[in-house]
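Asks: no sequence on this one, just coordinates:
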């Protein structure tokens, strides 16, 4: 079995050397870098698979060749910054019609306030439900979507805000 691998390796070396001789000096330099990166990657992969190097260390080592491209990528930074600013909501978004809220679901404003109807829709309760029903609906949802159980921070915050909005509306009406 070893002699088959030896013959295959000798044939591969012969083919590589034959193609190497046909390359120009500039292409030889590029090919050398590619070969170094491929061999280095193969050695790194071998070391990770055999447990000699931690996966995070290998990931950092794999990112090192990309640092050559960093100066070229930095020219796109101003464009990315502008795109990020355009996506951020400004402080006075959605203050239409004198700032009055319609209270309809799906008509969230950038103010951070939540209407009673939106809170009821999020918790799945009726607008005239009791405080106990609000608390039970909150608990039921939080058991499903809590970040510690693989849930989402945003959804958990929405459920908490809905509970607070409904309980505060009950106190304000009383």
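Replies: Nice, I can see it. Model, not experiment: these values are computed from the prediction.
Asks: Which helix runs longest in this structure?
Replies: What stands out as the longest helix in the chain, according to DSSP state H, is helix 25-49.
Asks: what's next to whichever helix or strand comes after it, contact-wise?
Replies: Next in sequence after helix 25-49, counting helices and strands by DSSP states H and E, comes helix 55-63. Applying CB atoms under 8 Å, 6 or more residues apart in numbering, the contact partners of helix 55-63 are 41, 44, 45, 47, 48. Quick note: C-beta positions are derived from backbone N, CA and C, even for glycine.
Asks: Could you pull up the contacting residues of the first one?
Replies: Residues in contact with residue 41, defined by CB under 8 Å, 6+ apart, are residue 62.
Asks: do you know how far it is from residue 35?
Replies: Applying CB to CB, to the nearest Å, the value for residue 41 to residue 35 is 11 Å.
Asks: Equivalent analysis for the last one, please.
Replies: Distance of residue 48 to residue 35, given as CB to CB: 20 Å.
Asks: So what does the most centrally placed residue in the chain have for phi and psi?
Replies: Geometric centre of the chain, nearest residue: residue 152, 12.4 Å, by CA atoms, centre = their mean. Torsion angles at residue 152 (phi, psi; degrees, to the nearest 10) stand at phi -120, psi 140.
Asks: Identify the residues contacting it.
Replies: Counting by CB under 8 Å, 6+ apart, residue 152 touches residue 145.
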